[in-house]
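Engineer: Just need the structure, nothing else, for what follows:
(chains A and B)
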Amino acid sequence: TQLLEQSPQFLSIQEGENLTVYCNSSSVFSSLQWYRQEPGEGPVLLVTVVTGGEVKKLKRLTFQFGDARKDSSLHITAAQPGDTGLYLCAGGRDSNYQLIWGAGTKLIIKP
Amino acid sequence: GAVVSQHPSWVICKSGTSVKIECRSLDFQATTMFWYRQFPKQSLMLMATSNEGSKATYEQGVEKDKFLINHASLTLSTLTVTSAHPEDSSFYICSATSDWGYTFGSGTRLTVV
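Structural biologist: Just a heads-up that it's a prediction; the model follows:
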């Protein structure tokens, strides 16, 4: 069974602080996706990384895919209350379309 | 980009009744759709993979006779929760694959009373 361990599961910090969310696995993924979900809505794709060592930036968000394509991180710089939400990572395999989901990180940014 | 429309957004039903949730791909053809269930503050749990024109593939522990999935066209998949019970109350989300990757519906909050 492929597992994608996401940590931390819950994080509450003050506005302006930095934070990092991690997703780790013993399995290799062909791609790693990060989603943000608001309460009562479906997940919204933030980014997809596919190359080992790849780094993508989305404004204050930096996403990194591990060299071995087994782990990924999401770093938020100078967090803002609007960043509050549930962040989910999901790993993809070429063999099928199914995604392996992390447990999610509930992020709260306090003003 | 790809858009997936999911209806209804929320539904309240009496115990023992059935509820149908629709998931439509609006501007692309979705050969494969996925149905997820999500409990509060938790990640998505894949229930089944739906392929157009064939039987759905259910994940272990998901009752196929209780959660009926129909994918009769390339733009529509439905999930019917039959004989719903309070423990079926949850947030159900569909997603479809396209050239743009995975696109999710907005979800359906089901409350069984």
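
Engineer: Dihedrals phi and psi, residue B:83?
Structural biologist: Main-chain torsions, residue B:83, degrees, to the nearest 10: phi 40, psi 60.

Engineer: Nearest residue to the residue most central in space within chain B in space, please, no chain neighbours.
Structural biologist: When CA atoms, centre = their mean is applied to chain B, the residue found nearest the centroid is residue B:35 (4.0 Å). Nearest residue to residue B:35, sequence neighbours excluded (CB to CB, 6 or more residues apart in numbering or on different chains): residue B:47, at 4.6 Å. To be clear about C-beta, it is placed using only N, CA and C from the backbone, and glycine gets the same treatment.

Engineer: Can you name the residues that contact residue A:82?
Structural biologist: For residue A:82, the contacting residues are residue A:109, by CB atoms under 8 Å, 6 or more residues apart in numbering or on different chains.

Engineer: just checking, it is part of a helix?
Structural biologist: Yes - assignment of residue A:82 by DSSP: H, G, I helix; E, B strand; the rest coil places it within a helix.

Engineer: Look at it and report its pLDDT.
Structural biologist: Note on residue A:82: pLDDT of 95.

Engineer: returning to that earlier point: each with direction, which strands does the strand or helix carrying the residue nearest to the centre of chain B pair with?
Structural biologist: Using DSSP states H and E, residue B:35 sits within strand B:32-38. Strand B:32-38 has its sheet partners listed here by DSSP bridges as strand B:44-51 (antiparallel), strand B:90-98 (antiparallel).

Engineer: Show me which residues of chain B sit near chain A.
Structural biologist: B:4, B:6, B:9, B:32, B:34, B:41-46, B:49, B:91, B:93, B:95, B:97, B:101-107, B:109 (CB under 8 Å from any CB of the partner chain).

Engineer: quick one: pLDDT of whichever residue of chain B sits closest to chain A?
Structural biologist: Using CB to the nearest CB, the closest approach of chain B to chain A is made by residue B:104 at 3.6 Å. What the model reports for residue B:104 is a pLDDT of 91.

Engineer: Spatially nearest residue to it (excluding sequence neighbours)?
Structural biologist: Residue B:104 sits nearest to residue A:42 (CB to CB, 6+ apart), 3.6 Å away.

Engineer: okay but that neighbour is in contact with residue B:107, surely?
Structural biologist: Yes - taking contacts as CB atoms under 8 Å, residue A:42 lies within contact range of residue B:107: 4.8 Å.

Engineer: Show me whatever sits in contact with both of those two.
Structural biologist: B:6, B:93.

Engineer: For residue 108, give the beta-bridge partners.
Structural biologist: I went with chain A, as the question did not name one. Here residue A:108, judged by DSSP bridges, has bridge partners residue A:12.

Engineer: my question was about chain B
Structural biologist: Under the criterion used (DSSP bridges), residue B:108 bridges to residue B:92.

Engineer: which ones are touching it?
Structural biologist: Applying CB under 8 Å, 6+ apart, the residues near residue B:108 are B:6, B:7, B:8, B:9, B:10, B:11, B:21, B:91, B:92, B:93.

Engineer: Per-residue pLDDT of it, please?
Structural biologist: At residue B:108, pLDDT is 95.

Engineer: Over to residue A:34?
Structural biologist: For residue A:34, the predicted pLDDT is 96.

Engineer: picking that back up, now the residues of chain B next to chain A: which count as buried?
Structural biologist: For the residues of chain B next to chain A, a burial check counting by 16 or more other CB atoms under 10 Å in any protein chain shown picks out B:4, B:6, B:32, B:34, B:42-46, B:49, B:91, B:93, B:95, B:97, B:102-107, B:109.
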